[in-house]
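Visitor: sharing a model that was predicted from the sequence below.
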Amino acid sequence: MRKIIFHIALLLTLALPAASSAATWQLTLDQAVERGLEENRDIFVAKERLTELEGLKGEARAEGLPQLTGTASYQRMWRKPKIFIQGQFFNVGTDNNYTAGATVNQLLWDGGRVMKALKAAKSEMARGIENVRDAEEAVRLQVKQTYFEILYTDKVIDVLNRELNQLRSHLSSIQTRYAQGVDSDYTLMRQEVQVSNIEPQIIDARRNRTLLINGLKILLAIPPEDELSLSGGFDYRARSIPQVSELMEKARQQRPDLAAEKLREKSLQQNVGIEKAGYMPKFNFQAQWQWQGQSDSAWPSAPERTDVFYSTVSLSWPIFDGLKTHSRVQQAKARLMQQQYMTSQLEDSVLRDVQDVYETLMRARETLASQVKSLDLAKKSTAIAGERFETGLMSQIELNDTINAQATAEQNYLRAAFDCMTAEAALEKAIGGEL
């Protein structure tokens with residue numbers, strides 16, 4: 001028995017690492033965006049709020065549907081009441097008393113309150129859908145920006161590593177020539193400083209990449225222990241962008257947050273009508289059935305049972321309610337005006353946002369064009385400097401400066417390409433859809 005337990009424990013021990021081993025994710029940009037839209041928790045929260053609004057819609061509809069109530073009771077007389085007549089008393093009532101009933105209430109008219117409440121609930125439902133879409137657009141932008149920044153960081157690390165390798169190679173040559181008495185102490189120390197300046201930059205870039213990967217895992221709901229690698233390339237290709245006036249019109253039509261505020265305005269308009277219904281008469285229909293049975297035996301016989309059925313149509317009209325309805329209407333109108341101001345303010349903000357992001361993208365494209373030229377010149381300068389250094393026409397210090405200038409130009413080019421990518425993603429978010 002002990003051997004069996006030992007072998008089972010051994011098998012479980014061997015199986016646990018395999019079961020808990022981390023998975024590996026390799027995602028393109030489109031795959032990352034798709035997973036973010038499917039698994040991001042902010043979107044889940046927005047969808048649950050939409051489910052809550054569906055419940056409010058059903059609650060508003062229920063006010064116009066018939067309400068059926070059933071009742072039943074049983075009473076046992078353990079000691080019956082007595083009445084005295086001319087010195088004699090008599091028992092009153094029976095041992096067992098049964099009652100049952102059913103009531104149907106149907107609202108016929110209440111000044112249109114139910115219909116307006118249902119319309120308001122539908123507007124809130126539509127607003128909830130726009131809020132979900134707004135959450136999706138926000139996640140889409142966050143995923144793209146983080147994805148692009150990781151690719152940008154990878155490229156910067158490559159540039160720094162290449163620069164470091166070149167400087168180390170030159171440092172090795174200088175050390176050899178220093179040992180031969182050709183180069184001076186100053187040349188050696190300057191080269192060592194150049195190498196030392198690059199290494200911390202690589203360490204910081206790698207640390208930043210780790211933070212970005214962890215942030216992307218959170219956005220995509222990927223377990224922290226899983227490995228994540230990106231298979232996309234860092235290559236910006238400019239697309240045709242409409243004029244800013246056309247982009248503004250697109251934003252007016254399809255920005256989800258602006259659409260949500262306009263739907264909120266419609267809902268508050270219905271709320272004004274709901275409160276005004278307090279001035280109107282209310283018609284109600286009621287039908288009721290009641291059954292009674294009384295007997296000293298366990299169950300009443302036919303002569304001991306009876307029932308009644310009747311219906312009623314009632315009218316109620318509030319003549320004076322202490323100006324409560326008037327105050328509620330004023331409050332509803334004030335909330336509507338506040339919402340109208342907020343919607344107008346948001347629309348202005350959306351249009352400014354579109355214009356600002358558009359200008360940012362145009363500036364980023366101009367910067368990228370100039371950085372392409374700068375990088376081309378830097379590469380040519382480095383090639384010429386290498387040839388001059390080999391022929392003894394340039395010092396090691398001048399060659400290092402040329403190498404550093406090319407590395408700086410490469411990083412500036414990568415930064416400009418990254419700015420273009422993120423600006424296009426931000427512009428899509430600003431207009432609420434694809435360009």
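Guide: Arrived safely. In this text the structure is predicted, and so the values were computed from the model without any measurement.
Visitor: all helices for the stretch 51-200 of the chain, in order.
Guide: For the stretch 51-200 of the chain, the helices defined by DSSP state H, counting those that start in this stretch cover 113-179, 185-220.
Visitor: winner for burial among the ones you listed?
Guide: Among the helices of the stretch 51-200 of the chain, the stretch with the highest mean neighbour count (mean count of other C-beta atoms under 10 Å) is helix 113-179, at a mean of 19. No exception for glycine: its C-beta is placed from N, CA and C like everyone else's.
Visitor: report all helices and strands that that helix contacts.
Guide: Counting contacts by 3 or more C-beta pairs under 8 Å, 6 or more residues apart in numbering; DSSP states H and E, helix 113-179 is packed against helix 29-39, helix 41-62, helix 185-220, strand 227-230, helix 256-276, helix 396-431.
Visitor: make TSV out of those and add mean pLDDT and distance to Gln288.
Guide: Listed next are the helices and strands packed on helix 113-179 as TSV, based on pLDDT from 0 to 100; distance: least, C-beta to C-beta, whole Å:
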stretch	mean pLDDT	distance to Gln288
helix 29-39	94	53
helix 41-62	90	20
helix 185-220	91	59
strand 227-230	92	67
helix 256-276	95	29
helix 396-431	91	59
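Visitor: take the ones you listed and lay them out in TSV including distance to Asn96.
Guide: Converted to TSV, the helices and strands packed on helix 113-179 look like this (distance: least, C-beta to C-beta, whole Å):
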stretch	distance to Asn96
helix 29-39	63
helix 41-62	37
helix 185-220	68
strand 227-230	75
helix 256-276	49
helix 396-431	74
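Visitor: tell me which of those sits nearest to Ala126.
Guide: helix 256-276 (5.0 Å; C-beta to C-beta).
Visitor: who's in contact with the helix or strand just after the closest one?
Guide: Counting by DSSP states H and E, the next helix or strand C-terminal to helix 256-276 is strand 282-295. With C-beta atoms under 8 Å, 6 or more residues apart in numbering as the test, strand 282-295 has contacts from 93-111, 299-301, 304-317.
Visitor: following the chain past strand 282-295, name the next helix or strand.
Guide: strand 305-316.
Visitor: and the residue nearest to Lys119 when sequence neighbours are not counted, how close does it get to Ala383?
Guide: With C-beta to C-beta, 6 or more residues apart in numbering as the criterion, Lys119 has its nearest non-adjacent residue at 4.9 Å, and that residue is Gln270. From Gln270 across to Ala383, the span is 72 Å (C-beta to C-beta, to the nearest Å).
Visitor: these two: which is more packed in?
Guide: Gln270 (22 against 12; other C-beta atoms under 10 Å).
Visitor: surely the more buried one and Ala120 touch.
Guide: Yes. Using C-beta atoms under 8 Å, Gln270 makes contact with Ala120 at a distance of 3.7 Å.
Visitor: buried residues in stretch 27-44, which are they?
Guide: 27, 29, 32-33, 35-37, 40, 43 (16 or more other C-beta atoms under 10 Å).
Visitor: Asp376: which of these is nearest?
Guide: So of these, ranked by how close each gets to Asp376 (C-beta to C-beta), first place is Leu29, at 27.5 Å.
Visitor: residues in contact with that closest one?
Guide: So Leu29 contacts 144, 147, 230, 232 (C-beta under 8 Å, 6+ apart).
Visitor: which members of those are the farthest-apart pair?
Guide: Spatially, the most separated pair among the contacts of Leu29 is Lys144 and Leu230, at 11.9 Å (C-beta to C-beta).
Visitor: after the lowest-mean-pLDDT helix or strand in the chain, which helix or strand is next?
Guide: Lowest on mean pLDDT, DSSP states H and E among the helices and strands of the chain sits helix 2-19, with a mean of 46. Downstream of helix 2-19, the first helix or strand assigned by DSSP H and E is strand 24-27.
Visitor: dump that next one to CSV, restricted to CA.
Guide: In CSV, the C-alpha atoms belonging to strand 24-27 read as follows (Å, rounded to 0.1, in the frame of the first residue of the first chain):
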residue,chain,number,x,y,z
THR,A,24,3.9,30.9,-25.4
TRP,A,25,2.0,33.5,-27.4
GLN,A,26,3.2,34.8,-30.8
LEU,A,27,0.8,37.5,-32.1
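Visitor: buried set for that strand?
Guide: 25, 27.
Visitor: which strands and helices sit next to it?
Guide: Using 3+ C-beta pairs under 8 Å, 6+ apart, strand 24-27 is in contact with strand 227-230.
Visitor: other residues contacting the strand it packs on?
Guide: Against strand 227-230 from outside (C-beta under 8 Å, 6+ apart): 22-29, 32, 147, 150-151, 154, 213, 216-217, 222.
Visitor: how about whichever helix or strand comes after that strand: buried residues?
Guide: Sequence-wise, the next helix or strand downstream of strand 227-230 (DSSP H and E) is helix 244-254. For helix 244-254, a neighbour-count test (16+ other C-beta under 10 Å) marks 247-248, 250-252, 254 as buried.
Visitor: can you tell me how far Leu164 is from Ser381?
Guide: Counting by C-beta to C-beta - Leu164 and Ser381 are separated by 19 Å.
Visitor: got it, and Ala251?
Guide: Applying C-beta to C-beta to Ala251 and Ser381 gives a distance of 45 Å.
Visitor: now do Glu199
Guide: Glu199 is 25 Å from Ser381, by C-beta to C-beta.
Visitor: and if you look at Asp42?
Guide: Between Asp42 and Ser381 the computed distance is 48 Å (C-beta to C-beta).
Visitor: repeat for Asp154
Guide: 26 Å.
Visitor: re earlier: and of the contacts of Leu29, the nearest to Leu258?
Guide: The shortest approach to Leu258 among these belongs to Lys144, at 21.4 Å (C-beta to C-beta).
Visitor: just give the closest residue to the closest one, not the sequence neighbours.
Guide: Nearest non-adjacent residue to Lys144 (C-beta to C-beta, 6+ apart): Ala425, at 4.2 Å.
Visitor: residues contacting the one you found?
Guide: Residues near Ala425 by C-beta under 8 Å, 6+ apart: 140-141, 144-145, 148.
Visitor: ok, those vs Gly87, which is closest?
Guide: For these, the nearest to Gly87 is Arg140 (94.8 Å; C-beta to C-beta).
Visitor: grab the nearest non-local neighbour of that closest one.
Guide: Val33 (5.6 Å).
Visitor: show me what contacts that neighbour?
Guide: Listed by C-beta under 8 Å, 6+ apart, the contact set of Val33 reads 140, 143-144.
Visitor: let's see that with 10 Å instead.
Guide: By C-beta atoms under 10 Å, 6 or more residues apart in numbering, the contact list for Val33 reads 27, 136, 139-144, 147, 219-220, 425.
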